[in-house]
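S.K.: let me see the structure of the following:
(one chain, ligands or ions: 2)
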Amino acid sequence: MLNFDNRYLRELPGEPLRSPLPRQVFGALWSPVDPTPVAAPRLLAHSREVAAALDLDDEAMASPALLAALAGNRLLPGMAGYASCYGGHQFGQWAGQLGDGRAILLGEAINHRGERYELQLKGAGPTPYARRADGRAVLRSSIREFLCSEAMHHLGVPTTRALSLVGTGETVVRDMFYDGHPVAEPGAVVCRVAPSFIRFGHFELPAARNDLGLLRQLVAFTIDRDFPGFAGDLAATLVPWFTEVCERTGRLIAHWMRVGFVHGVMNTDNMSILGLTIDYGPYGWVDNFDPGWTPNTTDASSRRYCFARQPAIARWNLERLADALAPLLPRPAELADGLERYDETYAADFCTAYAAKLGLREWRHDDAELLEDLFALMHAAEIDMTGFFRALALLDSERPQPQALDDAFYRADLRQRHAARLERWLQRYAARLRLDGQPPERRLAAMNAANPRFVLRNYLAQQAIDRAEQGDMQMIHQLLEVLRRPYDEQPGCAAFSARRPDWARHRAGCSMLSCSS
Ligand code: AMP
Ligand code: MG
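M.R.: Ligands and ions are numbered 1, 2, ... in the order given. Sure thing, here's the model as predicted:
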């Protein structure tokens with residue numbers, strides 16, 4: 001059914017001990033561990049695109065053997081359970097060893113085209129890296145990871161994917177508000193899929209322990225398996241490879257900033273070496289435009305990981321990766337080239353993305369001011385980010401009417417207070433459009449291709465969760481379907497593009513999320 005070729009296991013040192021007992025793991029990049037079986041697994045949803053990428057047809061997806069594997073109840077031929085060892089900086093501090101505490105790798109599946117995908121079960125039970133936690137995941141956070149990975153992919157944002165969402169038939173106890181009121185919630189396991197789950201933190205841990213042999217081995221492996229274009233003598237390829245990682249990270253963050261995605265926990269252990277969005281936890285989507293917004297309640301006071309700081313934090317994380325790689329280089333200062341590439345790539349991609357969002361064929365230097373003024377207005381007037389940009393495509397550049405944007409406002413009083421300011425901005429913008437000179441129908445099509453109508457708004461995910469917890473999975477399937485074509489108008493689906501309703505403004509899960517998952 002699936003063909004495995006587990007290079008990570010074969011080529012990198014692992015621990016001999018097969019036991020989930022918590023421990024520090026030295027001189028090894030993985031530990032063998034079996035998933036812990038669950039009572040009553042049920043396939044609640046799956047991604048047909050990911051299944052297809054893995055050569056899994058409908059029959060395979062319906063088979064009890066695959067379900068058992070996706071629940072962690074058995075391993076299929078060629079699969080091997082293991083957890084990888086990494087460290088990381090959390091909220092700006094070195095946190096030492098972290099590792100896959102509740103994610104268990106099943107191996108590397110090779111499809112008929114020869115493409116390699118690591119399969120990983122999240123929530124499949126404790127590993128040596130679980131510290132004192134249970135290794136499990138609740139249904140609500142698993143739905144959020146499952147739906148958002150697929151939504152991001154269809155938006156064109158690099159991301160890990162999700163093959164399946166399996167209900168375990170067991171409960172998991174979580175204190176969601178950290179207020180001493182633990183609750184038994186339904187549990188789930190997501191099978192996530194990516195060409196590589198290697199994180200910045202994988203390199204940081206051996207570097208922090210001064211295990212340069214292990215570090216060198218991991219770098220050589222990562223380049224060989226995941227960046228084949230950079231193969232060769234390590235001394236010569238390390239800087240160009242790091243520069244590539246920086247470039248990919250720059251592209252990734254420009255995507256987040258263009259669609260209004262806030263990761264929420266940009267610790268270095270949550271940064272993919274491939275430049276993918278990884279580890280969907282207390283993430284969120286910007287509703288009313290607010291540069292300082294963070295969905296993560298743990299981050300509410302410092303706002304380290306708020307929307308507007310993501311580009312600077314990604315750079316800080318790349319600097320930590322550079323620190324880790326430096327001991328392998330005779331002239332570590334050369335890593336600065338990579339960091340510069342990050343700055344350039346992010347800036348260029350951001351401008352290209354926002355030129356497209358504004359319907360401009362090219363970005364001119366003074367467009368930055370036009371955009372800054374728009375951001376300030378959107379913030380002050382609490383304008384919905386996704387709704388505003390989508391509606392802007394309908395503006396007549398000859399006679400701009402602010403009414404076209406009414407739906408993007410959350411508050412009538414703020415709309416009135418900022419009406420004149422919006423009108424002035426629209427006049428400037430319309431003049432800029434006329435200068436750009438793109439025919440209206442072409443501009444409309446180009447803007448609709450750049451501005452999604454549908455994103456996984458926080459309240460939509462929460463509604464799907466509320467229903468799923470009552471046993472009704474329909475909204476998960478509806479969202480999965482709608483979010484497959486986020487840039488299409490999909491006329492019957494207006495309910496999934498509506499701005500956040502008032503009831504959701506301060507509701508947990510809709511505007512803020514705890515890390516408890
Ligand atoms: P995160 O904040 O999700 O990036 O997780 C940080 C670290 O905590 C990683 O090493 C995770 O594997 C671990 N972790 C988080 N939740 C659990 C859990 N329920 N059981 C075991 N390990 C966990
Ligand atoms: Mg993590």
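S.K.: which non-adjacent residue is nearest L29?
M.R.: Excluding the flanking residues, the one nearest L29 by Cβ to Cβ, 6 or more residues apart in numbering is L12, at 4.5 Å. Using the backbone N, CA and C atoms, a C-beta is placed for each residue, glycine as well.
S.K.: now do R411
M.R.: R411's closest residue in space is E382 (Cβ to Cβ, 6+ apart), at 5.7 Å.
S.K.: so how far is ligand 2 from that neighbour?
M.R.: From E382 across to ligand 2, the span is 32 Å (Cβ to the ion, to the nearest Å).
S.K.: tell me how far the ends of stretch 14-30 are from each other?
M.R.: Stretch 14-30 has its terminal residues 5 Å apart, counting by Cα to Cα, to the nearest Å.
S.K.: now find how far off-centre that stretch is within its chain.
M.R.: 28 Å (Cα atoms, centre = their mean, to the nearest Å).
S.K.: in the stretch 351-500 of the chain, which residue sits closest to ligand 1?
M.R.: A461 (17.2 Å; Cβ to the nearest ligand atom).
S.K.: ditto for the stretch 401-517 of the chain
M.R.: Counting by Cβ to the nearest ligand atom, the stretch 401-517 of the chain gets nearest ligand 1 through C515, at 5.8 Å.
S.K.: list the contacts for that residue?
M.R.: Applying Cβ atoms under 8 Å, 6 or more residues apart in numbering to C515 gives the contacts V265, G281, P282, N296, T297, T298.
S.K.: just say helix, strand or coil for the first one.
M.R.: It stands for V265. coil (DSSP: H, G, I helix; E, B strand; the rest coil).
S.K.: for it, grab the count of nearby residues.
M.R.: V265: 21 surrounding residues under other Cβ atoms under 10 Å.
S.K.: okay, helices next: where are they in the stretch 301-450 of the chain?
M.R.: 310-325, 335-357, 367-380, 385-392, 412-417, 419-436, 440-450 (DSSP state H, counting those that start in this stretch).
S.K.: centre of the chain to the second one, how far?
M.R.: Spelled out, it's helix 335-357. Worked out by Cα atoms, centre = their mean, helix 335-357 lies 19 Å from the chain centre.
S.K.: pretty sure R18 contacts P32?
M.R.: Yes. If you go by Cβ atoms under 8 Å, R18 and P32 touch, sitting 4.5 Å apart.
S.K.: on that earlier part again, that's a strand at the residue of the stretch 401-517 of the chain closest to ligand 1, yeah?
M.R.: No. Counting by three-state DSSP, one finds C515 to be coil, located in no strand.
S.K.: give me phi/psi at it?
M.R.: phi -70, psi -10 (degrees, to the nearest 10).
S.K.: same thing with V166?
M.R.: According to degrees, to the nearest 10, V166 has phi -120, psi 120.
S.K.: which ones are touching it?
M.R.: V166 sits next to P41, R42, L43, L44, L67, L70, A71, A188, V189, V190, C191 when contact means Cβ under 8 Å, 6+ apart.
S.K.: so the residue of the stretch 351-500 of the chain closest to ligand 1 belongs to a strand, correct?
M.R.: No. According to three-state DSSP, A461 belongs to no strand; its state is helix.
S.K.: one step back: what's the neighbour count on the residue nearest to R411?
M.R.: 18.
S.K.: so it makes contact with A408?
M.R.: No. When contacts are counted by Cβ under 8 Å, E382 is not listed as touching A408 (9.6 Å).
S.K.: domain parsing of this structure, as residue ranges.
M.R.: In terms of domains, the chain is parsed into 7-197, 201-355, 364-437, 458-504 (source: automatic domain parsing).
S.K.: which regions of the stretch 51-200 of the chain lie under the pLDDT threshold?
M.R.: Applying pLDDT under 70 to the stretch 51-200 of the chain flags no residue at all.
S.K.: residues in contact with the residue lying closest to P182 once chain neighbours are set aside?
M.R.: Closest residue to P182 apart from its sequence neighbours, by Cβ to Cβ, 6+ apart: D175 at 4.3 Å. Listed by Cβ under 8 Å, 6+ apart, the contact set of D175 reads H181, P182, V183, S516.
S.K.: and the stretch 251-400 of the chain, which residues reach ligand 1?
M.R.: Within the stretch 251-400 of the chain, the positions adjacent to ligand 1 are V265, D269, N270, D279, G281 by Cβ under 6 Å from any ligand atom.
S.K.: which one among these gets closest to T159?
M.R.: D279 (10.6 Å; Cβ to Cβ).
S.K.: wait, what's in contact with that closest one?
M.R.: Counting by Cβ under 8 Å, 6+ apart, D279 has contacts V265, D269, N270.
S.K.: what's the distance between the residue nearest to R411 and H418?
M.R.: Going from E382 to H418 by Cβ to Cβ, to the nearest Å gives 9 Å.
S.K.: kindly tell me how buried the residue of the stretch 51-200 of the chain found nearest ligand 2 is, as a neighbour count.
M.R.: Nearest residue of the stretch 51-200 of the chain to ligand 2, counting by Cβ to the ion: L98, 7.2 Å away. By the criterion of other Cβ under 10 Å, L98 has 21 neighbours.
S.K.: pLDDT value on A356, please?
M.R.: The score at A356 is 98. That number is its pLDDT.
S.K.: quick one: buried residues of stretch 160-172?
M.R.: T160, R161, A162, L163, S164, L165, V166, G167, T168, E170, V172 (16 or more other Cβ atoms under 10 Å).
S.K.: list of residues touching stretch 88-100?
M.R.: With Cβ under 8 Å, 6+ apart, stretch 88-100 has contacts from 24-25, 31, 83-87, 120, 127-129, 199-201, 204-205, 208, 267-270, 299, 302, 304, 316-317, 320.
S.K.: ok, now with 6 Å
M.R.: The contact list for stretch 88-100 (Cβ atoms under 6 Å, 6 or more residues apart in numbering) reads 24, 83-87, 127, 129, 201, 267-269, 320.
S.K.: got the CA positions of that stretch in CSV?
M.R.: The C-alpha trace of stretch 88-100 is given here as CSV (Å, rounded to 0.1, in the frame of the first residue of the first chain):
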residue,chain,number,x,y,z
GLY,A,88,15.1,25.0,20.5
HIS,A,89,14.7,28.6,21.7
GLN,A,90,11.3,29.1,23.2
PHE,A,91,10.1,32.7,23.7
GLY,A,92,13.7,33.9,23.2
GLN,A,93,15.3,31.6,25.7
TRP,A,94,17.4,28.5,25.1
ALA,A,95,15.2,25.6,26.2
GLY,A,96,17.6,22.7,25.8
GLN,A,97,16.3,19.3,24.6
LEU,A,98,12.7,19.2,23.4
GLY,A,99,12.1,16.6,20.7
ASP,A,100,9.0,14.9,19.4
